[in-house]
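sharing a model prediction with you, sequence too.
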Amino acid sequence: MENGVKTQHLVDLFWKKFLVETGREESTKYIEVFHFELTEKLANELLQLVLIGQKKATASSLLAYEIEGTRVPEVGDLSIVTDWEGNPKCVIQTTAVTIIPFKDITYEICKREGEDDTLESWQKGHERFYKAEGNALGYEFTDDMPVVFEDFEVVYQV
């Protein structure tokens, strides 16, 4: 079975199990299936932070949504988070969305991501990520770049 087909099959089975076990309507849809970060090590580390309840938010470039033609998350959205290999591990539900310039993000905001002990380390790591993503997608990171800060809660995990 080709890897993409195998992953989609796993996602479909996972989603059906989620719907049954949480008593949701069969017509309930998820917005996206994704893993965090751009490397296997960080993707799996951040997934673990989500699964233990430490990571409760994520920050994305608004420019990436625009370039990829995808909509910005909305409160109530459901998404499936996978490990690096594409194995579904949990369902998150968006609880709040704030669009704010990178330079205006405070430690009070970014600490909800559960990744960093200081604002400076958050800024350094996210600047690195946005520069790498920007190189791949065709946008340039600036301090004024709008960031989509999405709060979420885990509503299901295996």
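Right, received. Where do you want to start?

switch to C-alpha atoms for all contacts and neighbour counts from now on
Noted.

ok, residue 97 touching residue 76?
No - using C-alpha atoms under 8 Å, residue 97 makes no contact with residue 76, being 10.2 Å away.

those two: which is more packed in?
Taking neighbours as other C-alpha atoms under 10 Å, residue 97 and residue 76 compare with residue 97 leading, 18 against 12.

the more buried one falls within a strand, correct?
Yes - Residue 97: assigned to a strand according to DSSP: H, G, I helix; E, B strand; the rest coil.

mind checking what secondary structure the closest residue to it other than its chain neighbours has?
Using C-alpha to C-alpha, 6 or more residues apart in numbering and skipping the chain neighbours, the partner closest in space to residue 97 is residue 150 (4.6 Å). At residue 150 the chain is in strand, as set by three-state DSSP.

and the one 5 residues further on, by the same measure?
When the structure is reduced to helix, strand and coil (three-state DSSP), residue 155 reads as strand.

what's the answer for residue 53, then?
Residue 53 ends up coil, using three-state DSSP.

and what of residue 9?
helix.

for stretch 139-158, which positions count as buried?
Buried residues in stretch 139-158, counted by 16 or more other C-alpha atoms under 10 Å: 139, 141, 145-154, 156.

reformat those as JSON lines; add pLDDT and distance to residue 9.
Shown next, in JSON lines, are the buried residues of stretch 139-158 (pLDDT from 0 to 100; distance: C-alpha to C-alpha, whole Å):
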{"residue": "139", "pLDDT": "97", "distance to residue 9": "33"}
{"residue": "141", "pLDDT": "98", "distance to residue 9": "36"}
{"residue": "145", "pLDDT": "98", "distance to residue 9": "37"}
{"residue": "146", "pLDDT": "98", "distance to residue 9": "35"}
{"residue": "147", "pLDDT": "98", "distance to residue 9": "32"}
{"residue": "148", "pLDDT": "98", "distance to residue 9": "30"}
{"residue": "149", "pLDDT": "97", "distance to residue 9": "30"}
{"residue": "150", "pLDDT": "97", "distance to residue 9": "27"}
{"residue": "151", "pLDDT": "98", "distance to residue 9": "28"}
{"residue": "152", "pLDDT": "98", "distance to residue 9": "25"}
{"residue": "153", "pLDDT": "98", "distance to residue 9": "25"}
{"residue": "154", "pLDDT": "98", "distance to residue 9": "22"}
{"residue": "156", "pLDDT": "98", "distance to residue 9": "18"}
